[in-house]
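1. Requesting a structural model of the entry that follows:
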Amino acid sequence: MKKTELLKQARQSSIGEISAKIADERKQLFILHQDKILGKLKNVAEIGQRKDDIARLMTILDEKVSETVDRAKNN
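-> Predicted structure coming up:
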């Protein structure tokens, strides 16, 4: 998935959906690590791309949680 598409989707998603996406990406990263060890992985750079995607999603999740907490404090 392209970076801009990932960011657009994540910003429009709920906190639960982002958390589920992070969990899915972590599972995929685990599988990629296994494939690398077994010699099945052709594109090793994909591991780094998955890590970057996870970091981006976690940043957006943190922003959304902070916004929610701030709104709760103001009310």
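2. contacts, neighbours, all on C-alpha from now
-> Fine.
3. mind listing what the most centrally placed residue in the chain touches?
-> By C-alpha atoms, centre = their mean, the chain has its centre lying nearest to Ile54, at 3.1 Å. Contact analysis of Ile54 by C-alpha atoms under 8 Å, 6 or more residues apart in numbering lists Ile22, Glu25, Arg26.
4. State the pLDDT value of Leu57.
-> Listed pLDDT for Leu57 reads 96.
5. who wins for most neighbours among the contacts of Ile54?
-> Ile22 (19 neighbours; other C-alpha atoms under 10 Å).
6. where do the helices sit along the chain?
-> Using DSSP state H, the helices of the chain run over 3-12, 15-38, 45-74.
7. Which of the ones you listed has the lowest mean pLDDT?
-> Taking the mean pLDDT of these, helix 3-12 comes last: a mean of 88.
8. Now do that one: distance to the chain's middle.
-> 10 Å (C-alpha atoms, centre = their mean, to the nearest Å).
9. Packing partners of that helix?
-> Applying 3 or more C-alpha pairs under 8 Å, 6 or more residues apart in numbering; DSSP states H and E, one finds that helix 3-12 makes contact with helix 45-74.
10. buried sites along the helix it packs on?
-> Buried residues in helix 45-74, counted by 16 or more other C-alpha atoms under 10 Å: Ile47, Arg50, Asp53, Ile54, Arg56, Leu57, Met58, Ile60, Leu61, Lys64.
11. Pull the contacting residues for the fifth one.
-> When contacts are counted by C-alpha under 8 Å, 6+ apart, Arg56 is found next to Leu7.
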